[in-house]
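Participant: Got a predicted model here, sequence first, then my questions.
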Amino acid sequence: MTDTYDPTAEERDEQLTQEDELQTYEDDWREGDLSEATIDEHIEAPVSLGQERQAVRFLCAYSHLQVEAEQVAAAYNAEIQRLQLNATAEAAKRDGRMAWLSQALAGYYHASGATKITLPYGTLSQRKQPERITIEDIDAFCQANSGSDLVRTKETPDKKAIKQHIKADGEIPDGVEVERADPKFTITTT
């Protein structure tokens, strides 16, 4: 014989009442009963401990707003991706056309032998470019030239090490200020 729990009629009624209330909150939300005006009314007067029903109602609204925000963000992100793909495709077409035109104009410029050609829509010329420095092995170069003016050294505080030092010794180094953040209120919806 197994022990099974059989709720009393009163407990079943209580559970049904709670389920009906939750459905009412869902219906209130769908019908817009929890409008911005209703929410704004309660900003000045937060829900007190004796108003659990109101807190459940607000949590229901919060949960729905959270889902709605995620759906809106997903829709905007999808649209942004679509627009970025279109922009990339258009840019590729335009860049290809510009590259072809640039090559044709460069051929015209070099064939002319002139140093500068002025035309109605612009000027064709050549400019000297600055020299580029390329270092094949940065670590080896820095090691070989350490201490010279060819290598810069940048010193920055190590906040992780400072935090460990404070925890270990309890001593706060000069020039360091420790700010303790207030606890953060969180809401987790189901």
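Facilitator: Yes, it's here.
Participant: Could you measure from Ala87 over to Gln81?
Facilitator: 11 Å (CB to CB, to the nearest Å). All C-beta atoms are positioned from the backbone trio N, CA, C, and that covers glycine.
Participant: Longest helix of the chain, counting residues only.
Facilitator: helix 52-112 (DSSP state H).
Participant: That one - contacts with which helices or strands?
Facilitator: helix 9-30, helix 36-43, strand 122-125 (3 or more CB pairs under 8 Å, 6 or more residues apart in numbering; DSSP states H and E).
Participant: okay, and for the protein, where does confidence drop off?
Facilitator: Low-confidence segments of the chain, defined by pLDDT under 70: 1-50, 185, 187, 189.
Participant: hmm, 90 instead?
Facilitator: 1-65, 115, 127-135, 138-139, 141-159, 161-163, 165-167, 169-190 (pLDDT under 90).
Participant: show me what contacts Ile133?
Facilitator: By CB atoms under 8 Å, 6 or more residues apart in numbering, the contact set of Ile133 is empty.
Participant: And it, how close does it get to Leu150?
Facilitator: 11 Å.
Participant: same deal with Pro173?
Facilitator: Relative to Leu150, and taking CB to CB, Pro173 is found at 33 Å.
Participant: same deal with Leu83?
Facilitator: From Leu83 to Leu150 the distance is 46 Å (CB to CB).
Participant: C-terminal to the longest helix of the chain, what's the next element?
Facilitator: The element immediately downstream of helix 52-112 (helix or strand, assigned by DSSP states H and E) is strand 116-119.
Participant: And that following strand, what does it pack against?
Facilitator: So strand 116-119, by 3+ CB pairs under 8 Å, 6+ apart, packs with strand 122-125.
Participant: which other helices and strands contact the strand it packs on?
Facilitator: helix 52-112, strand 116-119.
Participant: What residues sit buried inside the helix or strand just after that strand?
Facilitator: Going down the chain from strand 122-125, the next helix or strand is helix 138-144, by DSSP H and E. Within helix 138-144, no residue is scored as buried using 16 or more other CB atoms under 10 Å.
Participant: Not counting helix 138-144 itself, show me its contacts.
Facilitator: 135, 151.
Participant: And the contacts of the helix or strand following that helix?
Facilitator: Elements were assigned by DSSP H and E; along the chain past helix 138-144, the next helix or strand is helix 159-169. Applying CB under 8 Å, 6+ apart, the contact partners of helix 159-169 are 171-173, 176, 178.
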